[in-house]
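**Q** Prediction below, plus the sequence it came from.
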Amino acid sequence: MIAIARLLAAVVIVAALGQAATAVADVCKAKKFETKLVEDACKQGGQGAAKDAMKKWTKAAKAKRPSLDCKSCHSKLAPGYDLKKDALALFKELDVK
């Protein structure tokens, strides 16, 4: 009986640690936001939500610039999604809502 209780406790601990690691991994790396779109997405759902919001934005922006992709604005992708110098200007230029 004690062995079963220990096994259950171990399973609960491992599951809790896994959820905590996932939550930490999904926190947005950026601390300063240039757009309300990304800032709001990060606050609501972390990095995954920000990525989803930008995928939707990119899909809509392709109507104005078909060659647009993630690397049009980002010099590096995960984990930090570093922006190129002209990324914000391009974001504003395409003016996708």
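**A** Nice, thanks for sending it over. Everything quoted here is computed from the prediction, not taken from an experiment.

**Q** only C-alpha atoms for contact and neighbour calcs from this point on.
**A** Will do.

**Q** can you tell me which residues contact the residue minimising distance to the centre of the chain?
**A** Of all residues in the chain, the one closest to the mean position by Cα atoms, centre = their mean is residue 47, 2.2 Å from it. With contacts defined as Cα atoms under 8 Å, 6 or more residues apart in numbering, the neighbours of residue 47 are 26-29, 41.

**Q** Which residue, other than its chain neighbours, is closest to it?
**A** residue 28 (4.5 Å; Cα to Cα, 6 or more residues apart in numbering).

**Q** And residue 96, by the same measure?
**A** Per Cα to Cα, 6+ apart, closest to residue 96 is residue 61, 6.0 Å.

**Q** Make sure the one you found is actually in contact with residue 69.
**A** No - Residue 61 is beyond contact range of residue 69, at 9.4 Å (criterion: Cα atoms under 8 Å).

**Q** which element is residue 64 on?
**A** Here residue 64 sits in a region with no helix or strand, counting by DSSP states H and E.

**Q** Now do the contacts for the closest residue to it other than its chain neighbours.
**A** Excluding its sequence neighbours, the residue lying closest to residue 64 (Cα to Cα, 6+ apart) is residue 94, at 6.8 Å. Going by Cα under 8 Å, 6+ apart, residue 94 touches 61, 64-65.

**Q** higher neighbour count, residue 61 and residue 69?
**A** residue 61 (19 against 14; other Cα atoms under 10 Å).

**Q** so who does that one touch?
**A** Residue 61 neighbours (Cα under 8 Å, 6+ apart): 68, 94-96.
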